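**Student:** what follows is a predicted structure for the sequence shown.
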Amino acid sequence: MSRSAHPAGPRHADVLPEGHYSAPPADLNALDPKVWAHTVSRTDDGVVRVGGIEVTRLAEEFGTPAYFIDEADFRERARAWRTAFGHDADVFYAGKAFLSRAIVRWLHEEGLNLDVCSGGELATALSAGMPADRIAFHGNNKSAVEITAAIESGVGRIVLDSFQEIVRVAHIAQSLGKRQRVQIRVTVGVEAHTHEFIATAHEDQKFGIALADGQAAEAVRRALSLDGLELVGIHSHIGSQIFDMAGFEVAARRVVSLLAAVRDEHGVELPEIDLGGGLGIAYTSDDDPREPHEIAKALGEIVTRECEAAKLRTPRISVEPGRAVVGPTAFTLYEVGTIKPLDGLRTYVSVDGGMSDNIRTALYDAEYSVALVSRTSDAEPMLVRVVGKHCESGDIVVKDAFLPSDLAPGDLIAVPATGAYCRSMASNYNHALRPPVVAVRDGEARVIVRRETEEDLLRLDVG
Ligand code: LLP
């Protein structure tokens, strides 16, 4: 799933893996700033610290497994997106990557808007004080209850995903005596170079309305004809963990050509376009992500150029980064439990979490890095597979990596770049208790999502 990942295919568990970890890194103690949060470094005694606190202290106080999020880094990245897009554009953080009330407050303070895709995300956003008009509501099958909650709370926009939804939202808005601002999500027919499960702009999938064969133009016609709706723009999201800007450029071009067609047919210039999220981050040293200012520049230029050519006023652009804001800002801290060397193959290192706190490796063949963080070591590198404690062999956290060969039970290891789609996709498989998220900043650590307890599990079990 990182750029270097091979597409899903046969796995050769019985031979040494090829790929970018076929050679160990020069220095196993080094922490590549590309994959670690900004304030992460090693102290003189070799212990890794984040936000000014040693991981050994964090493990003592909060236990393992746990996610630690570097608040300063999160705010910095949020601000970088905000600044890069300036006042003529909007940045909607995609809450699905990771959402909690603290995150909502940070986003609000840093001037970002929020994209939510469920009633639960909407409730979290509102309860933490995000102004409703800065929220966009997404989803391919929003329930009537969700649509009602969104409209009643006054969300800034609902992104319509289907023909049925155009009618449904219009009807609910009208019955509430409101006119809802909406965008229409289109599929632009771009093949994004990422894992099939997270590519979303080709036509053979569940999201959006196809631009091809006039479907999107028909959706615009219907939306414009309904009193409950104020159609303000067109939305496109082409996928996730993408490095190549070409897909975004084609999407921008096709969305602008729809705007031109709408102007020609209806005499209406829709004022907004949203180009979605999807920008890739570095999970390993081989990944080279784009900076927000490069993305803003590339998108701004292409939209402006296309609009000039079509003699359209340049619409207000918005984007929806999730992973690129939160992904690199957190790591998961684990304690090493059992270690099983397999001669000539690899060493299995079992940690106290697994697929319940990071499903991405099992689900997408995602690549991650790992480091020994409670000390340094000069021992020879050994090829490891970091696995969890769940009852299946696909329970892999890091498929291929190197750790020092003197690794021992009780050592702390950390997997960086787990801020996005890890806690938010965590499960209770095997009745695992989902780990806490702890924010660390300027020498202070505070729990923003607490660890689940057995009482939490039993509270739901009312049979
Ligand atoms: N906007 C829309 C409409 C989306 O569907 C998504 C992600 C985003 C924005 C944010 O995309 P990002 O910037 O985070 O790539 N669970 C998968 C990723 C699924 C993404 C779903 N939609 C993973 O772990 O890789």
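**Tutor:** Structure received. Numbers count the residues shown, from 1 in each chain.
**Student:** what does the helix or strand where Ala78 lies contact?
**Tutor:** Ala78 is part of helix 71-85, with elements assigned from DSSP states H and E. Contacts with helix 71-85, where a contact means CB atoms under 8 Å, 6 or more residues apart in numbering, come from 37-39, 51, 91, 93, 103, 106-107, 109-112, 291-293, 295-297, 317, 319, 321, 324-326, 328-329, 419, 439-442. No exception for glycine: its C-beta is placed from N, CA and C like everyone else's.
**Student:** list buried residues within these.
**Tutor:** 37-39, 51, 91, 93, 103, 106-107, 110, 112, 292, 295-296, 317, 319, 321, 324-326, 328-329, 419, 439-441 (16 or more other CB atoms under 10 Å).
**Student:** beta-bridge partners for Leu231, please?
**Tutor:** Here Leu231 shows beta-bridge partners Val182, assigned using DSSP bridges.
**Student:** how many neighbours does the closest residue to Leu383 other than its chain neighbours have?
**Tutor:** Of all residues not flanking Leu383 in the chain, Arg346 sits nearest, at 4.7 Å (CB to CB, 6 or more residues apart in numbering). When counting by other CB atoms under 10 Å, one arrives at 19 neighbours for Arg346.
**Student:** next: the one 5 residues further on.
**Tutor:** Other residues within reach of Val351, judged by other CB under 10 Å, total 26.
**Student:** who's it bridged to?
**Tutor:** Here Val351, judged by DSSP bridges, has bridge partners Val336.
**Student:** what sits against it?
**Tutor:** So Val351 contacts Pro65, Tyr334, Glu335, Val336, Gly337, Val386, Val387, Gly388, Lys389, Val397, Ile413 (CB under 8 Å, 6+ apart).
**Student:** how far away is it from Leu176?
**Tutor:** 50 Å (CB to CB, to the nearest Å).
**Student:** quick check, pLDDT for the residue of the stretch 1-150 of the chain found nearest the ligand.
**Tutor:** Nearest residue of the stretch 1-150 of the chain to the ligand (CB to the nearest ligand atom) works out as Ala94 at 3.4 Å. Per-residue pLDDT puts Ala94 at 98.
**Student:** so it is in contact with Glu320, correct?
**Tutor:** Yes - in this structure Ala94 lies within contact range of Glu320 using CB atoms under 8 Å: 4.8 Å.
**Student:** what do these two both touch?
**Tutor:** Common neighbours of Ala94 and Glu320, counting by CB under 8 Å, 6+ apart, are Asp115, Gly277.
**Student:** circling back to that earlier point, ok, so of the contacts of Val351, who is nearest the ligand?
**Tutor:** Nearest to the ligand among the contacts of Val351, with distances taken as CB to the nearest ligand atom, is Val397, at 13.8 Å.
**Student:** give the contact list for Val303.
**Tutor:** Ala252, Val256, Ile273, Thr314, Pro315, Ile317.
**Student:** show me what the strand or helix carrying Ile69 is packed against.
**Tutor:** Element membership for Ile69 (DSSP H and E) is strand 66-70. Judged by 3 or more CB pairs under 8 Å, 6 or more residues apart in numbering; DSSP states H and E, strand 66-70 is in contact with helix 55-62, strand 330-342, strand 437-441.
**Student:** which of these sits most buried?
**Tutor:** Ranked by mean neighbour count, those are led by strand 437-441 with a mean of 24 (mean count of other CB atoms under 10 Å).
**Student:** touching the following helix or strand past that one from outside, list them.
**Tutor:** As assigned by DSSP H and E, the chain's next helix or strand after strand 437-441 is strand 444-449. For strand 444-449, contacts defined as CB under 8 Å, 6+ apart pick out 51, 53, 58, 61-62, 68-69, 100-103, 423, 436-439.
**Student:** ok, back up a step: do the helix holding Ala78 and the ligand meet at all?
**Tutor:** No - counting by CB under 6 Å from any ligand atom, the ligand is not contacted by helix 71-85; separation bottoms out at 10.5 Å.
**Student:** after that helix, which helix or strand is next? Please name it.
**Tutor:** strand 89-94.
**Student:** in PDB, list the C-alpha atoms belonging to whichever helix or strand comes after that following strand.
**Tutor:** As assigned by DSSP H and E, the chain's next helix or strand after strand 89-94 is helix 101-109. This file holds the C-alpha atoms of helix 101-109, laid out as PDB (Å, rounded to 0.1, in the frame of the first residue of the first chain):
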ATOM      1  CA  ARG A 101     -13.200  15.600  20.500                       C
ATOM      2  CA  ALA A 102      -9.700  16.800  21.100                       C
ATOM      3  CA  ILE A 103      -8.900  16.400  17.400                       C
ATOM      4  CA  VAL A 104     -12.100  18.500  16.500                       C
ATOM      5  CA  ARG A 105     -10.900  21.300  18.900                       C
ATOM      6  CA  TRP A 106      -7.400  21.300  17.400                       C
ATOM      7  CA  LEU A 107      -8.900  21.500  13.900                       C
ATOM      8  CA  HIS A 108     -11.200  24.300  14.800                       C
ATOM      9  CA  GLU A 109      -8.400  26.200  16.400                       C
END
